[in-house]
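Visitor: Just a sequence and a predicted model for now, questions to come.
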Amino acid sequence: MENTITEVLYLISIVIFIIGLKGLSHPESARKGNLTAGAGMGLAILVALFAPIAGGDNNYQWIVGAMMVGSIIGLIAAKRVALTSMPEMVSLFNGLGGATAMIIGFVEFYNLSAGQEMMSATVLTNLFALVVGAVSFSGSLIAWGKLNGSLRDSLKLPLPHVINILTLVAIIGFSAYIMMQPTLPFNLVILLTALSLFYGIAFVTPIGGGDMPVVISLLNSFTGIGAAGAGLIYANHVMIIGGILVGASGTILTVLMCKAMNRSLLNVIIGGLGSKGSGAGSDREQVIKEANSGDLAIQLKYASKVSIVPGYGLAVAQAQHVCHELEHTLEAEGVEVKYAIHPVAGRMPGHMNVLLAEADVSYDKLQELEQANEDFNSTDVVLVIGANDVVNPAAKEDSSSPIYGMPILDVEQAKKVVVLKRSMRSGYAGIENPLFFGENTNMLFGDAKESLNKLKEEVKNA
Amino acid sequence: MDIIIQFLSDNLPMITILILASFLGMEVIGKVPTVLHTPLMSGANAISGVVVIGAIILIRRAEANDYLTLSLGAVGIALAMINVAGGFAVTDRMLDMFKKKKK
């Protein structure tokens, strides 16, 4: 009787999860969807806390203490994190979920009853939660380090692909070996945990920082699958279905992100954007022209159509607000201003939209790639602010370029392109950008926020 | 071969649930505008914190003097709760900005 009530309540939380996720995928219902999913989680946790359980001492003081510590840390972290650092925050959160799946697998092995047959679903699901959780945990930490800049791309293991495959083979081999033993070799479980943690590191380290969003999305789906694996240990439906929903959504997102970069997932994982320069720059004249903000202000003021291409540099300089002010100033002068958003602008698909939304930029000013490319030839001035790889013509012209084939914003079609950049350093993918040497391109060096502020004042005074 | 058949027949309901849930996940999420990719990823990430339930069951089943299970389980709960609470809160923060825009 009580078991039935438990199962029904779990079923209700599953339905709430699904409704929440569905809500999250439409702009007008997204916020409610998130809260709905949160409520589903709350219900599921309550059921897990109070459902009748066979054996055990409940140990509520441990549970409540740990839940409070975790919730407080999580809420504070979520409140404090800067919007620009959101992708790495998601990566870190994701790793912690993976760590929990790993811990569950590990402790369940430690507590495995003596008579447990090794060749069984119990052992298999334990192994699965342990391995997937550990890979997701260490991999997410590496991705987190790469995104916040504390781990450099140059940090690489020798022969990464060989090490990767050997580690993966060893993990599968040891898992199979463990299942074939008459009793549990616990030392091997420890070794397997270490190997899985190492695999996460070896898997993510060779992948370039520019591809981290794809990796985070993939690891997100790993954590979901790991949670489902842990759910199988307890035959807990809400964990299994919740985990698989995340696994599936992470996979879909990963594929969508790869599509936006015109690359296959395999290419991202194996290829890893190298830092080799492109050959296209060499047959162009390598001269850059610096823009003068006074002249530029006048050009902007008398332009009829201006397009802004924001990139991660804009976000880092916290310049989205000034950018919005400049947009206002120009509109007051009768200039039509649009934002051209590349699907992978920022560090994750949609990241740039979040940042611009924070600065109150209106939805209908944001153009997607195709629309923007149609409009560029009738645009007078394109301001490229802290973006680089997404406007690199090498992606179209130079088949030897590592980003060849990625759809770009074709800003060269515009009458004039002004690139606001801190320095001549290459972008996240580490390749030269022939756009900077283009005939109608001018460079405006300096901090994006200062440059935009100055431009805004000059437009007002011009 | 026997082992595989045995495994399948023992776990058929679970396997059915797994497969159906994967299709459901893809269908529910399949058509999302790019704008929502980051919040969706963040929200889905919070849902993956559902693994906290496993850690809760782990501790509830433990003996009161099994300190290894209790302490590792507590670490697991704390980490997963960071994922859950932080994940939903950060997603709400992102989506809050979209809402402000609409008026």
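Guide: Cool, the structure landed. Numbering: from 1, shown residues only, chains lettered A, B, ... in the order given.
Visitor: Please point out which parts of the one helix or strand residue B:72 maps to sit buried.
Guide: Using DSSP states H and E, residue B:72 falls within helix B:67-81. Across helix B:67-81, burial judged by 16 or more other C-beta atoms under 10 Å in any protein chain shown covers B:69-70, B:72-81. Every residue, glycine included, has its C-beta placed from N, CA and C.
Visitor: can you give me the mean pLDDT across that helix?
Guide: Mean pLDDT, computed over helix B:67-81, is 96.
Visitor: beta partners of residue A:441?
Guide: Beta-bridge partners for residue A:441, by DSSP bridges, are residue A:417.
Visitor: can I assume it is in contact with residue A:415?
Guide: No. The pair residue A:441 / residue A:415 is not scored as a contact, 11.3 Å apart, by C-beta atoms under 8 Å.
Visitor: So between those two, which is more surrounded?
Guide: residue A:441 (23 against 15; other C-beta atoms under 10 Å in any protein chain shown).
Visitor: That one: what's it in contact with?
Guide: A:288-289, A:412, A:417-419, A:435 (C-beta atoms under 8 Å, 6 or more residues apart in numbering or on different chains).
Visitor: which of the residues you listed are buried?
Guide: Among the contacts of residue A:441, those classed as buried by 16+ other C-beta under 10 Å are A:412, A:417-419, A:435.
Visitor: What is the most widely separated pair among those?
Guide: The most widely separated members of the buried ones among the contacts of residue A:441 are A:412 and A:418, with 12.6 Å between them, by C-beta to C-beta.
Visitor: wait, does the helix or strand containing residue B:53 make contact with chain A?
Guide: Using DSSP H and E, residue B:53 maps to helix B:52-61. Yes. Applying C-beta under 8 Å from any C-beta of the partner chain, one finds helix B:52-61 touching chain A at B:52-61.
Visitor: Next: stretch B:15-33.
Guide: Yes. Residues of stretch B:15-33 contacting chain A under C-beta under 8 Å from any C-beta: B:17-18, B:21-26, B:28-33.
Visitor: Hmm, which of those is lowest in pLDDT?
Guide: Confidence-wise, residue B:30 trails the rest of the residues of stretch B:15-33 next to chain A, at 67.
Visitor: so who does residue A:453 touch?
Guide: Residue A:453 neighbours (C-beta under 8 Å, 6+ apart): residue A:322.
Visitor: repeat for residue A:44
Guide: Residues near residue A:44 by C-beta under 8 Å, 6+ apart: A:10, A:13, A:238, A:242, B:50, B:53.
Visitor: could you redo those as JSON lines and give each row neighbour count?
Guide: Formatted as JSON lines, the contacts of residue A:44 follow (neighbours: other C-beta atoms under 10 Å in any protein chain shown):
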{"residue": "A:10", "neighbour count": "22"}
{"residue": "A:13", "neighbour count": "26"}
{"residue": "A:238", "neighbour count": "26"}
{"residue": "A:242", "neighbour count": "34"}
{"residue": "B:50", "neighbour count": "36"}
{"residue": "B:53", "neighbour count": "30"}
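Visitor: Which of these fall in helices?
Guide: A:10, A:13, A:238, A:242, B:53 (DSSP state H).
Visitor: Of these, which is the nearest to residue B:41?
Guide: Looking across the ones in helices among the contacts of residue A:44 and measuring by C-beta to C-beta, the closest to residue B:41 is residue A:242, at 15.4 Å.
Visitor: quick one, what contacts the closest one?
Guide: With C-beta under 8 Å, 6+ apart, residue A:242 has these contacts: A:14, A:17, A:44, A:224, A:227-228, A:231, B:47-48, B:50.
Visitor: Roughly how far does residue A:144 sit from residue A:344?
Guide: Distance of residue A:144 to residue A:344, given as C-beta to C-beta, to the nearest Å: 19 Å.
Visitor: Look at the two and report which has more neighbours.
Guide: Neighbours per residue (other C-beta under 10 Å) separate residue A:144 from residue A:344, with residue A:344 holding more: 28 against 24.
Visitor: Now do the SS call for that one.
Guide: Judged by DSSP: H, G, I helix; E, B strand; the rest coil, the three-state class of residue A:344 is coil.
Visitor: How about the contacts made by it?
Guide: A:213, A:257, A:260-261, A:390.
Visitor: By neighbour count, which of the residues you listed wins?
Guide: The residue in the contacts of residue A:344 with the most neighbours, by other C-beta under 10 Å, is residue A:390 (31 neighbours).
Visitor: what's around the nearest residue to that residue once chain neighbours are set aside, how many residues?
Guide: Using C-beta to C-beta, 6 or more residues apart in numbering or on different chains and skipping the chain neighbours, the partner closest in space to residue A:390 is residue A:342 (3.8 Å). Around residue A:342 there are 25 other residues, counting by other C-beta under 10 Å.
Visitor: hmm, who's touching stretch A:359-372?
Guide: A:307, A:320-321, A:323-324, A:327, A:337-343, A:353, A:356-357, A:375, A:407, A:409, B:34-35, B:100-102.
Visitor: meant to ask about stretch A:108-120, not that
Guide: A:122-123, A:126, A:129-130, A:178-184, A:186, A:189, A:233, B:3, B:58, B:62, B:66, B:68-69.
Visitor: can you check stretch A:175-195 too?
Guide: Counting contacts by C-beta under 8 Å, 6+ apart, the residues outside stretch A:175-195 that touch it are A:102, A:106, A:109-110, A:112, A:114, A:116, A:118-119, A:123-124, A:127, A:130-131, A:134, A:167, A:170-171, A:174.
Visitor: hmm, try it at 10 Å
Guide: With C-beta atoms under 10 Å, 6 or more residues apart in numbering or on different chains as the contact definition, stretch A:175-195 has outside contacts at A:102-103, A:105-106, A:109-110, A:112-120, A:123-124, A:126-128, A:130-131, A:133-135, A:167-168, A:170-171, A:173-174, A:196, A:202, B:3.
Visitor: hmm, which of those residues are the buried ones?
Guide: Using 16+ other C-beta under 10 Å, the buried ones in the contacts of stretch A:175-195 are A:102-103, A:105-106, A:109, A:112, A:118, A:123-124, A:126-128, A:130-131, A:133-135, A:167-168, A:170-171, A:174, A:196, A:202.
Visitor: Which parts of chain B belong to which domain?
Guide: Listed by automatic domain parsing, the domain ranges of chain B are B:1-31, B:37-98.
Visitor: could you dump these to a markdown table with distance to residue A:95?
Guide: As requested, the domains of chain B are exported to a markdown table (distance: least, C-beta to C-beta, whole Å):
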| stretch | distance to residue A:95 |
| --- | --- |
| domain B:1-31 | 21 |
| domain B:37-98 | 9 |
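Visitor: Tell me which residue is most central in the chain.
Guide: Let's take chain A. residue A:213 (3.2 Å; C-alpha atoms, centre = their mean).
Visitor: Residue A:334 is in contact with residue A:459, correct?
Guide: No. Using C-beta atoms under 10 Å, residue A:459 is not in contact with residue A:334; the gap is 11.9 Å.
Visitor: Give me the common contacts of the two.
Guide: Common neighbours of residue A:459 and residue A:334, using C-beta under 10 Å, 6+ apart, are residue A:301.
Visitor: who has more neighbours, the two?
Guide: Between residue A:459 and residue A:334, counting by other C-beta under 10 Å, residue A:459 is the more crowded of the two (21 against 10).
Visitor: In which helix or strand does that one reside?
Guide: Assigned by DSSP H and E, residue A:459 belongs to helix A:448-461.
Visitor: Could you list the buried residues of that helix?
Guide: A:448-449, A:451-456, A:458-459.
Visitor: Tabulate those (JSON lines), appending pLDDT.
Guide: Conversion of the buried residues of helix A:448-461 to JSON lines gives the following (pLDDT from 0 to 100):
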{"residue": "A:448", "pLDDT": "85"}
{"residue": "A:449", "pLDDT": "86"}
{"residue": "A:451", "pLDDT": "87"}
{"residue": "A:452", "pLDDT": "88"}
{"residue": "A:453", "pLDDT": "88"}
{"residue": "A:454", "pLDDT": "88"}
{"residue": "A:455", "pLDDT": "87"}
{"residue": "A:456", "pLDDT": "88"}
{"residue": "A:458", "pLDDT": "86"}
{"residue": "A:459", "pLDDT": "86"}
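Visitor: Thank you kindly, that will do.
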